[in-house]
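J.: Task: produce atomic coordinates for the following.
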Amino acid sequence: MTSDLVSPRKSESKPARELSPEQAAAAAMVAEAKARGLALTGPDGLLKLFTKNVLETALNEEMTEHLGHEKNQADPDRESTNVRNGTRPKTVISDAAGEVGINVPRDRESTFEPQIVKKRQRRLTEVDEIVLSLYAKGMTSGDISAHFAEIYGSSVSKETISRITDKVVAEMQEWSNRPLDA
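T.: Residues are numbered from 1 along each chain as shown. Got it, this is the predicted structure:
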C-alpha cells in the first residue's frame, strides 16, 4: 500500500511565476497574435496598436485630469465652462512602431497642454520603453510616474497612471475576448 502513497516532496512543485494583470493581458495578446499569424512589429503590427492605445489612453487621462471630470460627466455647478472639444489627428514617429496615427483630445478653451505627446512634437524617441513598461513589466504606478518624469521631464500623478493602466488593461482584455472571424 505504500506504493500508492505519494511522498509530499514529490507532489510539491515549484509555484508558477505570478503575472500582473498587465503582463497576463499582454502575454495573451501576443500569444493570440502569433497564433493568428499577425506581425508583432511592422506597419500593421501589434506594437503599433499597443503604442496607439497607450498614447490615446494617456492623453485622454491627461485631459480628464486637466478638466477635473470624466468625459460627459461634468458637474453643472462647476466654476469652469471648459469642456472636451473633440480630437485632432496627429501622426507621431516611434523608433520601433514607425508612424502611428493618434487622436489628440482638445478642450474648448485651448488650455490643455499634453505632456505625453507635447504640442508640435512629432518624434517619440523613447515611448517604446514606456509601452513595454506599462504592458510587460507590471511596474507600480509610482515607478511608471518616475519613468515618465525621467524620460519627459514632466510629472504625471500616480492616480493618472493608475487610471491609464486600468483602462489599457480593460481594453486589452476586451480585445483579447472579442469574437473572431470564422
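J.: Please tell me how far the residue nearest the centre of the chain sits from Thr81.
T.: With the centre of the chain defined as its mean C-alpha position, the nearest residue by CA atoms, centre = their mean is Val54, 3.5 Å away. Between Val54 and Thr81 the computed distance is 31 Å (CB to CB, to the nearest Å). Quick note: C-beta positions are derived from backbone N, CA and C, even for glycine.
J.: same question, Glu61
T.: Using CB to CB, Glu61 is found at 22 Å from Thr81.
J.: neighbour count winner among these two?
T.: Under the criterion of other CB atoms under 10 Å, the comparison of Glu61 against Thr81 puts Glu61 first, with 25 against 8.
J.: Doesn't the more buried one belong to a helix?
T.: Yes: membership of Glu61 in a helix is supported by DSSP: H, G, I helix; E, B strand; the rest coil.
J.: Quickly note the distance from it to Val54.
T.: 11 Å.
J.: cool, and Arg17?
T.: Between Arg17 and Val54 the computed distance is 24 Å (CB to CB).
J.: Excluding residues flanking it in the chain, which one is nearest Glu109?
T.: Once flanking residues are discounted, Glu109 sits nearest to Asn82: 4.5 Å by CB to CB, 6 or more residues apart in numbering.
J.: Looks like that neighbour contacts Ala74 (just checking).
T.: No: counting by CB atoms under 8 Å, Ala74 is not a contact partner of Asn82; they are 9.1 Å apart.
J.: okay, and the common contacts of these two?
T.: Both Asn82 and Ala74 are in contact with Leu67, where contact means CB atoms under 8 Å, 6 or more residues apart in numbering.
J.: Who are the contact partners of the residue nearest to Glu62 when sequence neighbours are not counted?
T.: Ranked by CB to CB, 6+ apart and with sequence neighbours excluded, the top spatial neighbour of Glu62 is Pro114, at 5.5 Å. With contacts taken as CB under 8 Å, 6+ apart, Pro114 has the following neighbours: 59, 62-63, 104.
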